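Peer 1: model the structure of this input:
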Amino acid sequence: MPGLLRRGCAPAIAALLVACTSVNPVTGRREVILMSEEQEQKIDEQASREIEGQLGVARDPDLVAYVQAVGEAMAAHSPRKDVDYQFAVVEMEEPNAFALPGGHVYVSRGLLTVANSESELANVLGHEIGHVAARHAARQEAHVKTLGIATLLSDLMSGGAPAPSDAERISGHFVARYAREQEREADRIGQDLAIAASVDPAGLGQFLRTLDNIARLSQGFSTPQTYFATHPAARERMLEAAGRAQQHEWQSERPGPGLTREPTSLVEDRDRFLDHIEGMAVGRPASEGVFVDERFLHADLGFSVRFPHGWTLSNENAQVLGRSPRGDGVVMLQLDSEGEDPRAAAVAYAQRESLQLESPASIHVGGLPAFRAAAAVPTATGRRFAEITWIAHRGHIYRLVAGIEPGSLPKYQGIFRKFAHSFRPLTEADAHEITELRLRTVRAQPGESLADLTARSRNEWDQVYTAVVNGLQVGAPPPPGFRVKVAVREPYVASPPSPPAPLDPSHSATPGAGPAS
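Peer 2: Residues are numbered from 1 along each chain as shown. Next up, the predicted model:
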């Protein structure tokens with residue numbers, strides 16, 4: 001066999017590799033890329049639907065337009081011109097950014113919270129444009145995984161492991177794990193784009209410095225090898241980015257298109273950025289529902305539901321989850337479809353998921369029409385018992401799913417029924433309990449300490465975190481007049497009811513779907 005490979009197959013293999021090579025638009029070199037541009041676009045389209053369905057994207061038109069404008073100004077200088085770049089803010093609390101191979105670029109709400117200038121945002125977007133331009137995902141052959149009910153029950157109830165976070169799902173299902181040199185190349189491309197757009201390339205190093213400080217604050221040390229599990233160490237990249245920025249006279253006399261303006265001072269750059277994120281929700285917006293103890297309250301959709309006491313709770317875009325302390329039981333609230341007939345919704349869902357519904361019954365929950373049935377759900381780790389209740393409210397059908405290990409029904413059936421029967425229209429008293437954290441800015445007064453500013457502004461971040469996310473020295477007073485980002489809890493005012501939007505029956509929509517801030 002080895003001799004045959006050497007004598008007869010080597011020319012064929014060489015010819016195949018030549019056929020699969022493509023010119024890298026960044027380096028101009030020929031490289032082996034097994035994924036075609038058509039495949040890149042197909043993966044991009046599928047992954048963007050999954051990401052936006054599972055995590056959700058911000059709907060605040062001003063915020064979205066601002067990020068899109070900054071991204072487009074950077075993409076105008078991309079070495080790859082055959083891509084339609086699109087930019088969006090994804091609902092993740094973790095500071096992160098990622099790109100899909102066909103040009104969808106996402107920054108998280110958490111990233112906007114910790115960034116401190118327009119140049120920082122522009123450099124981050126430039127970095128992600130660099131991944132697309134250099135076709136890094138094509139070389140990594142990123143794939144997408146769809147999360148259905150069987151996958152969810154299997155993932156959430158296998159081995160007692162905690163439910164994966166939004167960031168873990170992004171890393172595990174949607175985003176290529178780039179090689180270290182690919183990350184460095186994306187940094188270089190992003191800073192080159194910044195220079196071409198008359199943006200300070202030092203913004204990348206400044207942003208990475210903040211990330212490194214956040215890692216030190218949360219972990220006690222600087223992350224030595226990874227950045228969000230997919231990037232090289234933030235400190236290593238920070239030093240390299242700072243060094244490259246110092247080599248460029250980015251504010252030279254030569255004219256440049258810029259971000260629709262001429263280069264400005266660092267203070268003006270920061271103020272312009274803060275003007276656009278002022279009032280932004282910190283974390284998931286209340287427009288997507290909030291927990292008040294065990295109760296999940298949704299002002300815009302007008303309902304409440306009580307989750308089991310002592311269970312681990314999480315509000316995600318595709319569902320609201322509750323997981324038992326032992327990991328052998330899970331409850332999920334999902335938006336099934338639009339309509340008024342819960343029985344019809346149950347039949348349609350069973351057909352989509354290939355489930356045999358058992359013990360079906362039409363019931364009422366909180367005065368609302370409902371339908372309940374049981375089902376045995378095959379998963380990768382064995383069969384799970386599920387009890388599912390469909391409830392009609394305000395033109396939507398909600399699906400309340402309870403899943404357990406086989407044989408555990410006597411232990412959990414009372415809890416499951418109590419969970420499902422707690423769904424009811426939101427009361428006025430409930431609505432008054434709904435608040436959200438919003439990002440506000442306060443200018444420091446002469447001689448004022450950060451502790452005094454925190455008390456004056458009702459800031460809910462602690463002093464150390466406030467200093468870190470504002471790029472301030474911990475323990476030192478902020479300079480007089482310095483604009484400090486703070487997190488302030490404010491009452492939430494529900495948006496007026498709107499007609500239900502068409503839903504994709506191929507996957508669940510979010511109970512939190514609504515105009516996000």
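
Peer 1: mind splitting this protein into its structural domains?
Peer 2: Domain ranges of the chain: 23-141+176-277, 435-491, per automatic domain parsing.

Peer 1: buried deepest among those domains, which one?
Peer 2: Scoring those by mean neighbour count under mean count of other CB atoms under 10 Å gives domain 23-141+176-277 as the most buried, with a mean of 19. For the C-beta atoms, the positions are set from N, CA and C on the backbone; glycine is no exception.

Peer 1: so what's the gap between it and the chain middle?
Peer 2: Relative to its parent chain, domain 23-141+176-277 has a centroid offset of 15 Å by CA atoms, centre = their mean, to the nearest Å.

Peer 1: rounded mean pLDDT for it, please.
Peer 2: Mean pLDDT, domain 23-141+176-277: 78.

Peer 1: picking up where we left off before, now distance to R326 too, for the domains of the chain, in CSV please.
Peer 2: Output for the domains of the chain, formatted as CSV (distance: least, CB to CB, whole Å):
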stretch, distance to R326
domain 23-141+176-277, 26
domain 435-491, 32
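
Peer 1: nearest to R295, out of those domains?
Peer 2: Across those, R295 has its closest neighbour in domain 435-491 (13.6 Å, CB to CB).

Peer 1: quick one: distance of the closest one to the chain centre.
Peer 2: Once both centres are worked out by CA atoms, centre = their mean, domain 435-491 turns out to sit 25 Å from its chain's centre.

Peer 1: with stretch 429-442 instead?
Peer 2: On CA atoms, centre = their mean, the centre of stretch 429-442 falls 21 Å from the chain's centre.

Peer 1: can I get it as CSV, trimmed to CA atoms?
Peer 2: Provided in CSV are the C-alpha atoms of stretch 429-442 (Å, rounded to 0.1, in the frame of the first residue of the first chain):
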residue,chain,number,x,y,z
ALA,A,429,-48.9,44.3,40.4
ASP,A,430,-46.6,42.0,38.5
ALA,A,431,-45.8,44.6,35.9
HIS,A,432,-44.7,47.1,38.6
GLU,A,433,-42.0,44.6,39.7
ILE,A,434,-40.3,44.5,36.3
THR,A,435,-37.1,46.5,36.1
GLU,A,436,-33.9,46.4,34.1
LEU,A,437,-30.3,47.6,34.3
ARG,A,438,-29.5,50.3,31.9
LEU,A,439,-26.1,51.8,31.0
ARG,A,440,-25.9,55.5,32.0
THR,A,441,-23.0,57.9,32.2
VAL,A,442,-22.1,60.3,34.9
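
Peer 1: what about stretch 312-331, start to end distance?
Peer 2: End-to-end distance for stretch 312-331: 10 Å, by CA to CA, to the nearest Å.

Peer 1: give the buried residues for that stretch.
Peer 2: Going by neighbour count (16 or more other CB atoms under 10 Å), the buried part of stretch 312-331 is 313-324, 327-331.

Peer 1: show me where the stretch 51-200 of the chain has its helices.
Peer 2: When assigned using DSSP state H, counting those that start in this stretch, the helices of the stretch 51-200 of the chain occupy the ranges 61-75, 109-114, 118-133, 136-140, 149-156, 166-169, 180-196.

Peer 1: what's the answer for the stretch 351-500 of the chain, then?
Peer 2: 409-421, 428-432, 450-457, 463-469.

Peer 1: A376 is nearest to which of those helices?
Peer 2: helix 409-421 (11.5 Å).

Peer 1: show me what that closest one is in contact with.
Peer 2: Helix 409-421 has contacts (CB atoms under 8 Å, 6 or more residues apart in numbering) with 305-308, 322, 324, 329, 331, 365-366, 370, 372, 385, 387, 389, 391, 400, 402, 404.

Peer 1: nearest residue to F87 other than its sequence neighbours?
Peer 2: The spatial neighbour of F87 that comes closest, neighbours along the chain excluded (CB to CB, 6 or more residues apart in numbering), is G71 at 3.5 Å.

Peer 1: so what's the one you found up against?
Peer 2: Contacts for G71 (CB under 8 Å, 6+ apart) come out as 85, 87, 105, 125, 129.

Peer 1: so which of the helices of the stretch 351-500 of the chain gets nearest V199?
Peer 2: So among those, helix 463-469 is nearest, using CB to CB, at 21.3 Å.
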